[in-house]
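> next comes the sequence, and after it the predicted model I'd like to discuss.
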Amino acid sequence: MTRRKTSLLEKAYLTLFMILLYAPIVVLMVFSFNSSNSTSVMSGFSLKWYAELFRDGATIAAFRNTVVLAVVSAAFSTVFGLFSAIGINYTRSRWYKSSLLTTTNIPMMNPDIVTGISMMLLFVFAGTLMRRQGVLGFGTMLIAHITFQLPYVILNILPRFRAMDGYLTEAAQDLGCTPSQAFFKVTLPQIRPGVIAGAIMAFTLSLDDFVISYFVSGPEFQTLPIRIYSMTKKRVTPDMYALSTLIFLVMLLLLIALNVIQNRAENGGRGKSGKQVEP
Amino acid sequence: MNNRSYNAITAPYGLWMAVFILAPLVIVAYYALTDAAGHFSLQHITQLSLYTDTILRSVWFGVVATVLCLVTAYPLAYIFSKTKAGTQTVLVMLIMIPMWMNFILRTYAIMVLFEDTGIINNALRSLGMDPLHLINTSGAVIFGMVYNYVPFMILPLYTTMTKLDRRYIEAGRDLGANGFRIFKDVMIPLTKPGIISGVTMVFVPSVSTFYISQKLGGGRYTLIGDVIEMQFQTAYNYHLGASISLLLMIFILLCLWVMNRFGDAEEGMVV
């Protein structure tokens, strides 16, 4: 493939776009170190808003809730999604397969707000049937997060089956593997990159979700995005900026770490002689 | 394993999706078509006509934001695909990093910049220029949508452009086509799956947003999302909220259906 050089105009456009993209984030970061509580005039450097943030019990609790929810829901939806993808891939009933895939696509196409309110109505409806008040909480959040993660896990794994040589599993069984041995020793290593990509996506979607969580959460169990939302309803002090800065830096580190892990996993999946190829 | 045991593995998933995806949608329809006493009623459907302005505004804002995203992103994705492989990886990372910051924080950051006493206006004043009224305008709301969702447009476009065989462009040039014809007759058809995917991924969240309009529109530009949020979180009129949601869902599904007919069915979507 031949490549033409980027012109000066193109470089200028690219630079301008990046500046616009990062300007709001940089501004938040800079003002998180402001010594006064102004959001437009920089009076001096100070870390007091960071100290303030760590004294805020509700925010710390929300952070802990977010991580717990993301870990539990992603673990569950990865295992659940893996087994479901195997079943969907091998089932011979075309009608069954296509109806499962269509249902899988619904939460991906529907606006988040519709998915959120529809699940909220279900939980409230079930609550009235069981004559219970205040059903919304950790349980409903967990169910909602697993539900919106499952399609992403499954759709990350399914293409790996298509790329896989199906005879290898049969060969393993002919050579004396039990079906479960054949699965763990032959099938799983080949679809592993898809499983890992699905798990990472599930985890990050959970960390970042606001819209669906907002409708299915109760007052006792708040996640960080919900906490941030309620904080921005009032006049905001720069400890929110400190929080944004920290989240941004943690996310950045996580992204880099995950990229490294994923690259290693991809290389492992390709075998010893596999070289890193640009996608 | 035989077919029956594979069907058995998917049974829990089928059950899960039936209970937590299909049943909730049935309940939305049920709430939309009943009154507070639980009797069948079309009152909340007919009430939707009161929200005609809101609905039209949402669709209009969504269309404008999507077009602006497409116009901004298309040349960017093209420039990306022209650079060296290493640069491409860095550029894609640079686009993805802001998406890792919650959209509430990103929207809030724009608000801080746009305020009447915010940084942009302070800078203008110190330069001796007249301040601009940016916040609480329809332009600010649309800017917020473009800013938040433009990465969803760039990434699928970029993916289709890296797969694009540049020999088609060269062939077009050899056959005497000018820049515009290459763009119209070669680039657009070959990148159609990316365009369709990007337009979908920008249009759906733009039409259904509620936070962006609250923060950047100052409550003056109510969108469908705002009305739904209000009915469920403050007004507690679930029946009206459900009927608006039902309308939004049907509208989005119709749009997606039309878009998919528009594109080549065989090529599928690129995410």
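Received, thanks.
> name the nearest residue to residue 224, sequence neighbours excluded.
No chain in the question, so chain A it is. In this structure, A:L224 finds its nearest non-sequential neighbour in A:T66, 4.4 Å apart by CB to CB, 6 or more residues apart in numbering or on different chains. From N, CA and C alone the C-beta is placed, and that goes for glycine too.
> that answer is for a different chain, and I need it for chain B
Closest to B:I224 by CB to CB, 6+ apart is B:S58, at 4.3 Å.
> show me what the lowest-mean-pLDDT helix or strand in chain A is packed against.
None of the helices or strands of chain A scores lower by mean pLDDT, DSSP states H and E than helix A:239-269, at a mean of 77. Applying 3 or more CB pairs under 8 Å, 6 or more residues apart in numbering or on different chains; DSSP states H and E, one finds that helix A:239-269 makes contact with helix A:8-31, helix A:48-55, helix A:188-208, helix A:224-232, helix B:103-114.
> do you know which of those lies nearest A:L121?
Closest approach to A:L121 among these is made by helix A:224-232 (18.9 Å; CB to CB).
> tell me the mean pLDDT for the closest one?
In this model, helix A:224-232 has an average pLDDT of 89.
> flag every buried residue along it.
A:L224, A:P225, A:I226, A:R227, A:I228, A:Y229, A:M231, A:T232 (16 or more other CB atoms under 10 Å in any protein chain shown).
> angle of that helix against helix B:103-114?
Following axes from the mean of the first three to the mean of the last three CA atoms, to 10 degrees, one obtains 30 degrees for the angle between helix A:224-232 and helix B:103-114.
> output helix A:224-232 as PDB, nothing but the C-alphas.
Extracted C-alpha coordinates of helix A:224-232, given in PDB (Å, rounded to 0.1, in the frame of the first residue of the first chain):
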ATOM      1  CA  LEU A 224     -19.200   7.200  41.300                       C
ATOM      2  CA  PRO A 225     -20.900   8.400  38.200                       C
ATOM      3  CA  ILE A 226     -24.200   8.800  40.200                       C
ATOM      4  CA  ARG A 227     -22.300  10.600  43.000                       C
ATOM      5  CA  ILE A 228     -20.700  13.000  40.400                       C
ATOM      6  CA  TYR A 229     -24.100  13.600  38.900                       C
ATOM      7  CA  SER A 230     -25.600  14.600  42.200                       C
ATOM      8  CA  MET A 231     -22.600  16.800  43.000                       C
ATOM      9  CA  THR A 232     -23.000  18.700  39.700                       C
END
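> that helix - contacts with which helices or strands?
helix A:57-90, helix A:211-216, helix A:239-269, helix B:103-114.
> contacting residues around the spatially closest residue to A:M29 that is not a sequence neighbour?
Closest residue in space to A:M29, ignoring its immediate chain neighbours: A:T245 at 4.8 Å, by CB to CB, 6+ apart. By CB atoms under 8 Å, 6 or more residues apart in numbering or on different chains, the contact list for A:T245 reads A:L28, A:M29, A:S32.
> among these, which one sits closest to B:L246?
A:L28 (37.7 Å).
> from memory that closest one sits against B:V112, does it?
Yes: the criterion here is CB atoms under 8 Å, and A:L28 meets it with B:V112 at 6.9 Å.
> out of the two, which sits in the busier spot?
A:L28 (25 against 19; other CB atoms under 10 Å in any protein chain shown).
> what about the more buried one, distance to B:Y211?
Note on A:L28: its distance to B:Y211, by CB to CB, to the nearest Å, is 16 Å.
> just for the chain, where's the confidence low?
In the absence of a named chain, chain A is used. By pLDDT under 70, the weakly predicted segments of chain A are A:1-4, A:235, A:262, A:265-279.
> the intended chain is chain B.
If you take pLDDT under 70 as the line, chain B has these spans: B:1-3, B:263-271.
> just want the residue of the stretch 51-200 of chain B that's nearest chain A.
Chain A sits closest to B:A109 of the stretch 51-200 of chain B, with a gap of 3.4 Å, by CB to the nearest CB.
> contacting residues for that residue?
A:P24, A:I25, A:V27, A:L28, A:S244 are the contacts of B:A109 under CB under 8 Å, 6+ apart.
> just name the closest of those residues to chain B, please.
The closest of those to chain B turns out to be A:P24 (CB to the nearest CB; 3.4 Å).
> excluding its backbone neighbours, what's nearest residue 63?
I went with chain A, as the question did not name one. A:L224 (5.5 Å).
> my question was about chain B
B:F203 (7.6 Å).
> hmm, that neighbour is touching B:C255, no?
Yes: counting by CB under 8 Å, B:C255 is a contact partner of B:F203 at 6.9 Å.
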